[in-house]
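> okay, sequence plus prediction incoming.
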Amino acid sequence: MRVLFVHQNFPGQFPHLAPALVARGHEVLALTDEKNQRPSPVRVVKYAAPPAVTLSHPLGRPYAEFAERGWMAARAARALRDRHGFTPDVIVGHSGWGETLFLKEIWPDARLLVYAELMYRTRGQDVGFDPELSPGTDEQRVSTVARSAHLIQGIVQADAALAPTRYQADSFPPELRSKITVIHDGIDTDLLRPDPDAGWTTPDGRRLSAADEVVTFVSRSLEPYRGFHVFMRALPAVLATRPQAHVVMVGGDGVSYGARPRDADSWKARLLAEVGGQLDLTRVHFPGRVPYPQFIALMQLTRVHCYLTYPFVLSWSLTEAMSAGALVVASDTEPVRELIRDGNNGRLVPFFDRPALEGALIRALDGDPDAARIKAAARQTILDGYDLKRHCLPRLVDWVESNAPAPA
């Protein structure tokens, strides 16, 4: 087959699937934003970045922006068709940024498969979940409905869709859910495996190992959607009780989801202003975003890894931490409960229950007597259902191939 991947940040969710299809003998090409500089495992062509959209009313702006991106992708697709004679049998694209919206108009006979990451909802997910920062006003709910339009259009047009977890698939309404197959992106369990000899050097030169009391927290951006504010407010009690403990928080200072704080340059600055005076900052480390081998080492040596999230997209870092054999203390929210059973393969605490979080982290640092059993069960969970090579990648390849158009 000829397979075209479409993703503004390719390879995105497809770093393993695209080369696996090449290995199967298919011709694979990727279409991505001209600003994307990420290394690609397959041949890449780029579309021009969409122009800035100016609208007087904010409700229409999200769809206008996504439609502009879709049009730029469609223009590039037309050039591939008319100038280079390229017509794919299958298009695999992420529906989140509008890139797939008009591709069926360029290639009407191609099978369109979309990555359905999450459907925004006004109740039961992030909107109104955190009263401090998201009160769930009528205006917020209306805005959420407005920015769902391109997601609905994208999956209606698709021949089939893919979601990495049941929670994310079930965020779509029942009339669209029937199109969605649940297959996780996959975790390389050979790479992300326990290593008792792992070490990591702090920004100030201290070498940490599994013998140290280390608490880790990882998020692409340090922000409330991933419970950064809850975690920071728990640290004074944790560090006061455990005077030898060190905390490593990996993540950028920007915002990936939600909004920036109104009274600070970043959420890190905001929370340090709030609780920094109660912390021994020589034991609190902010390395920013780190190279992947350093992240793996942290997951291998941590005494306890904290993962908190709103009801939202599940982070790869949780499954990666479990694969590396970390003891995870996580929020008792719906996407997390799909993977973790409290006391079996991790510890769950209510998202807003700071004393419960403090107690769980302190007990883990003190030496949880069930830690070895829980860590082994966490890794086994990933081996049994989320392993890249043994489970997920073969299913993903079969999903693409089984959705090929019928021979003429």
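Looks like it arrived, so ask away.
> just read off the phi/psi values of the spatially most central residue of the chain.
Computing the C-alpha centroid of the chain and ranking residues by CA atoms, centre = their mean puts residue 315 first, at 3.8 Å. Main-chain torsions, residue 315, degrees, to the nearest 10: phi -80, psi 140.
> now swap in residue 307 and tell me
The phi/psi pair for residue 307 (degrees, to the nearest 10) is phi -130, psi 120.
> ok, it - how many residues close by?
Residue 307 has 27 neighbouring residues, counting by other CB atoms under 10 Å. Where C-beta positions appear, they are placed from N, C-alpha and C, glycine not excepted.
> and if you look at the one 4 residues further on?
Applying other CB under 10 Å, we find 18 residues neighbouring residue 311.
> which parts of the stretch 1-150 of the chain are helices?
17-23, 61-84, 103-106, 138-146, 149-157 (DSSP state H, counting those that start in this stretch).
> sorry, that was for the stretch 251-400 of the chain
267-275, 292-301, 316-323, 334-337, 354-367, 371-385, 393-402.
> any idea which of those is most buried?
Across the helices of the stretch 251-400 of the chain, averaging neighbours per residue (mean count of other CB atoms under 10 Å) puts helix 316-323 on top, at a mean of 24.
> switch the helices of the stretch 251-400 of the chain over to CSV; also include distance to residue 6.
Converted to CSV, the helices of the stretch 251-400 of the chain look like this (distance: least, CB to CB, whole Å):
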stretch, distance to residue 6
helix 267-275, 32
helix 292-301, 25
helix 316-323, 21
helix 334-337, 26
helix 354-367, 40
helix 371-385, 28
helix 393-402, 14
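> for these, which one sits closest to residue 119?
Of all the helices of the stretch 251-400 of the chain, the one in closest proximity to residue 119, counting by CB to CB, is helix 334-337 (13.5 Å).
> now the closest one, how far from the chain's geometric center?
14 Å (CA atoms, centre = their mean, to the nearest Å).
> hmm, who's touching it?
165, 167-168, 307, 309, 311-314, 318, 330, 348 (CB atoms under 8 Å, 6 or more residues apart in numbering).
> alpha carbons of that helix, as PDB, please.
The C-alpha trace of helix 334-337 is given here as PDB (Å, rounded to 0.1, in the frame of the first residue of the first chain):
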ATOM      1  CA  GLU A 334     -10.700   8.000  35.900                       C
ATOM      2  CA  PRO A 335      -7.900   7.800  33.300                       C
ATOM      3  CA  VAL A 336      -5.500   6.500  36.000                       C
ATOM      4  CA  ARG A 337      -7.900   3.900  37.300                       C
END
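> which ones are touching the nearest residue to residue 36 once chain neighbours are set aside?
Counting by CB to CB, 6 or more residues apart in numbering, residue 36 lies nearest to residue 9, which is 5.6 Å off, once chain neighbours are set aside. With contacts defined as CB under 8 Å, 6+ apart, residue 9 is in contact with 32-33, 36, 38.
> mind checking which of those residues are buried?
Neighbour counting with 16 or more other CB atoms under 10 Å marks 32-33, 36 as buried within these.
> circling back: export the contacts of residue 9 to CSV and tack on pLDDT and distance to residue 394?
Below are those laid out as CSV (pLDDT from 0 to 100; distance: CB to CB, whole Å):
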residue, pLDDT, distance to residue 394
32, 98, 26
33, 98, 30
36, 97, 28
38, 96, 25
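> out of the helices of the stretch 1-150 of the chain, which comes closest to residue 44?
helix 17-23 (10.0 Å).
> give the other helices and strands that that closest one contacts.
When contacts are defined as 3 or more CB pairs under 8 Å, 6 or more residues apart in numbering; DSSP states H and E, helix 17-23 sits against strand 2-6, strand 27-33, helix 393-402.
> between those, which one is closest to residue 209.
helix 393-402 (32.7 Å).
> how about residue 247, secondary structure?
strand (DSSP: H, G, I helix; E, B strand; the rest coil).
> that one: neighbouring residues, count only.
Counted with other CB under 10 Å, residue 247 comes out at 24.
> and what of the one 10 residues further on?
Close neighbours of residue 257, defined as other CB under 10 Å, add up to 16.
> so it is in contact with residue 225, correct?
Yes - counting by CB atoms under 8 Å, residue 225 is a contact partner of residue 257 at 4.1 Å.
> shared neighbours of these two, anything?
Contacts common to residue 257 and residue 225, judged by CB under 8 Å, 6+ apart, are 126, 312.
> can you put the contacts of helix 334-337 in a markdown table and add pLDDT and distance to residue 293?
Listed next are these as a markdown table, based on pLDDT from 0 to 100; distance: CB to CB, whole Å:
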| residue | pLDDT | distance to residue 293 |
| --- | --- | --- |
| 165 | 98 | 26 |
| 167 | 97 | 30 |
| 168 | 98 | 28 |
| 307 | 98 | 20 |
| 309 | 98 | 25 |
| 311 | 97 | 32 |
| 312 | 97 | 27 |
| 313 | 96 | 25 |
| 314 | 97 | 23 |
| 318 | 98 | 19 |
| 330 | 98 | 24 |
| 348 | 98 | 29 |
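> closest to residue 4 among those residues?
residue 168 (23.6 Å).
> so the nearest residue in space to residue 271 that is not next to it in sequence: helix, strand or coil?
Leaving aside its sequence neighbours, residue 271 sits nearest to residue 232 (CB to CB, 6+ apart; 4.1 Å). Classification of residue 232 using three-state DSSP returns helix.
> so who does residue 232 touch?
Taking CB under 8 Å, 6+ apart as the test, what residue 232 contacts is 271-272, 274-275.
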